[in-house]
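Novice: fold the following.
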Amino acid sequence: ELCFRMINSYISINDNYKYHTARKIEPDAAVSELNLRFKEHGVGYRFESDKLIRVDSEFMHAEAIKPTLLLLRGKNFQGANEEFLHAHEHYRHSRYKECLVDCLKTFESTMKAICKVRGWTTKATDTAKDLIAICLDNGLLPPYIQNQFTSIKSLLESGVPTLRNKNGGHGQGPDTVIVPEYMARYALNLTATTVLFLMDSQ
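Specialist: Numbers count the residues shown, from 1 in each chain. From the prediction side, this is the model:
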């Protein structure tokens, strides 16, 4: 990961290195080859956004995770991008409670960024439920599905926020709460598809 961070973010833009070395492969091609070799050998990781991202499903990664990472690179979504990458980092190191917490942060930060871009008023203390209401009340979704407003609102509220609140967001009490890997993986995938849905709607 450190080697490819250097290749991707330093060597690729360093003219001194470019003109004083003989390379057999360019940085972008090196990243592509690394990911191809991971895939060929079933390693289960990809190098994306300067990090090794764990890939449990090629389909989910291609259709949800990767497009979400690309969209979150925008200047208005840096906070959400950082939190989503942290969620992946926690998942990779089996810190599943922390993964759920950062999934919700990503969801909330995305909505806050959309509200800021649109000029909709929010408060620093707004929860996911408040932010969902603001987005929907201001017409984030197209008018032709407003008759399904209640269903969509319930779906958003009961997804990532509920997973985090029930498994990692509050004091666990006298008994240790164990968050299973499948729950964290589901939260990551759900966060990606929800963020993608919201950003495509803006």
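
Novice: with adjacent residues omitted, what lies nearest to Ser94?
Specialist: Glu181 (7.2 Å; C-beta to C-beta, 6 or more residues apart in numbering). Quick note: C-beta positions are derived from backbone N, CA and C, even for glycine.

Novice: ok, now Tyr91?
Specialist: Tyr91 sits nearest to Cys99 (C-beta to C-beta, 6+ apart), 4.5 Å away.

Novice: in three-state terms, label the one you found for me.
Specialist: Using DSSP: H, G, I helix; E, B strand; the rest coil, the structure places Cys99 in helix.

Novice: swap in Leu52?
Specialist: Classified using three-state DSSP, Leu52 is strand.

Novice: quick one, grab the pLDDT at it.
Specialist: Listed pLDDT for Leu52 reads 90.

Novice: who's in contact with it?
Specialist: Residues in contact with Leu52, defined by C-beta atoms under 8 Å, 6 or more residues apart in numbering, are Glu1, Tyr45, Arg46, Arg92.

Novice: mind checking which of those land in strands?
Specialist: Tyr45, Arg46 (DSSP state E).

Novice: returning to that earlier point: how deep is the residue nearest to Ser94 tucked in, by neighbour count?
Specialist: Around Glu181 there are 12 other residues, counting by other C-beta atoms under 10 Å.

Novice: try His88
Specialist: 22.

Novice: check Arg23 too.
Specialist: 11.

Novice: SS state for it?
Specialist: Assignment for Arg23 (three-state DSSP): coil.

Novice: for Val31, see how far away it is.
Specialist: When distance is defined by C-beta to C-beta, to the nearest Å, Arg23 is 14 Å away from Val31.

Novice: likewise Leu72?
Specialist: 19 Å.

Novice: between those two, which is the more surrounded one?
Specialist: The neighbour comparison of Leu72 against Val31 (other C-beta under 10 Å) goes to Leu72, with 26 against 19.

Novice: pretty sure that one contacts Leu196?
Specialist: No: in this structure Leu72 lies outside contact range of Leu196 using C-beta atoms under 8 Å: 9.8 Å.
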